[in-house]
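Asker: this one's structure only:
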């Protein structure tokens, strides 16, 4: 009886540099797709969202909650705005990352307090949505950090929006320049956003021409800020290098954004 031998097919030799380059390109493409479709990290450079977000926080913004548009791309290129795919409107209280309308290469972060059709007004420092006040509950005193590493005392409050979402805010003074504003009706396709550090935030209370956000187009959304991946106190930059490790805020690593 004859026995037919079965031999394993000969292994192909590696194609050398060409194969490695193709493999690297595949990895880069996978990372690019994941960054564009799933989530993207961002860095917090200012104190406008304190006490929720601190200067030096590294954020993770999820892109799928609001759908995808040109603003969702991981690199900013000039393309005609054509709406969003799988579009969803943010909820009141969501912390969103977006392309600043004044310069779309800049990514900003604020909290959504007004949806299309809502009437928004600040009265003596208190937020009103459709004539309903957001409840404010005193929560002690905190320290509001400025962009130069200094800080000043700030009253901390728990703000509760009409839909029941609660979060912390800072108020540094009783009668700030943005504490009383005319009522604004949010138009279709736009949002009204505020910083949680109410006396140190250029947001929808400030017109775009004055360096604020104005009414934010929904098409400018990048994603929802869901987590703080890490945090480092930028005030440590003026200290000796060997002390910089102590600037890591370990308690903020891998925490949720509320």
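Answerer: Noted; the coordinates are in hand. Bear in mind that the values here come from a model prediction, so they are computed numbers and not experimental data.
Asker: Give me the pLDDT for residue 64.
Answerer: You'll see residue 64 listed with a pLDDT of 87.
Asker: sorry, that was for residue 239
Answerer: 87.
Asker: before we move on, what about residue 37?
Answerer: 46.
Asker: So that it lines up with my notes, have the first residue be 538 from now on.
Answerer: I'll keep to 538 as the first residue from here, and by that count the last item is residue 574.
Asker: ok, and the closest non-adjacent residue to residue 688?
Answerer: residue 680 (4.3 Å; Cβ to Cβ, 6 or more residues apart in numbering). Using the backbone N, CA and C atoms, a C-beta is placed for each residue, glycine as well.
Asker: which stretch of helix or strand covers the one you found?
Answerer: In this structure, residue 680 sits in strand 672-682 according to DSSP states H and E.
Asker: contacting residues for the residue nearest the centre of the chain?
Answerer: Residue closest to the average C-alpha location in the chain (Cα atoms, centre = their mean): residue 634, at 3.2 Å. Counting by Cβ atoms under 8 Å, 6 or more residues apart in numbering, residue 634 makes contact with 579, 596, 598, 644, 645, 646, 758, 759, 760, 761, 762.
Asker: ok, those vs residue 788, which is closest?
Answerer: residue 596 (16.1 Å; Cβ to Cβ).
Asker: Is the closest residue to residue 710 other than its chain neighbours in a helix, a strand, or coil?
Answerer: Leaving aside its chain neighbours, residue 710 sits nearest to residue 736 (5.6 Å; criterion: Cβ to Cβ, 6+ apart). Following DSSP: H, G, I helix; E, B strand; the rest coil, residue 736 is assigned to coil.
Asker: Residue 736 - how many residues pack around it?
Answerer: Neighbour count of residue 736, defined by other Cβ atoms under 10 Å: 22.
Asker: Look up how far residue 714 lies from it.
Answerer: Note on residue 736: its distance to residue 714, by Cβ to Cβ, to the nearest Å, is 8 Å.
Asker: Just the buried positions in stretch 668-682, please.
Answerer: 671, 673, 679, 681, 682 (16 or more other Cβ atoms under 10 Å).
Asker: would you list every one of the strands in the stretch 588-737 of the chain?
Answerer: Applying DSSP state E, counting those that start in this stretch to the stretch 588-737 of the chain gives strands spanning 594-599, 632-636, 644-651, 656-660, 663-666, 669-670, 672-682, 688-697, 703-708, 721-722, 727-731.
Asker: Adding distance to residue 625, write those out as JSON lines.
Answerer: Listed next are these as JSON lines, based on distance: least, Cβ to Cβ, whole Å:
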{"stretch": "strand 594-599", "distance to residue 625": "12"}
{"stretch": "strand 632-636", "distance to residue 625": "12"}
{"stretch": "strand 644-651", "distance to residue 625": "12"}
{"stretch": "strand 656-660", "distance to residue 625": "21"}
{"stretch": "strand 663-666", "distance to residue 625": "20"}
{"stretch": "strand 669-670", "distance to residue 625": "24"}
{"stretch": "strand 672-682", "distance to residue 625": "27"}
{"stretch": "strand 688-697", "distance to residue 625": "23"}
{"stretch": "strand 703-708", "distance to residue 625": "21"}
{"stretch": "strand 721-722", "distance to residue 625": "22"}
{"stretch": "strand 727-731", "distance to residue 625": "13"}
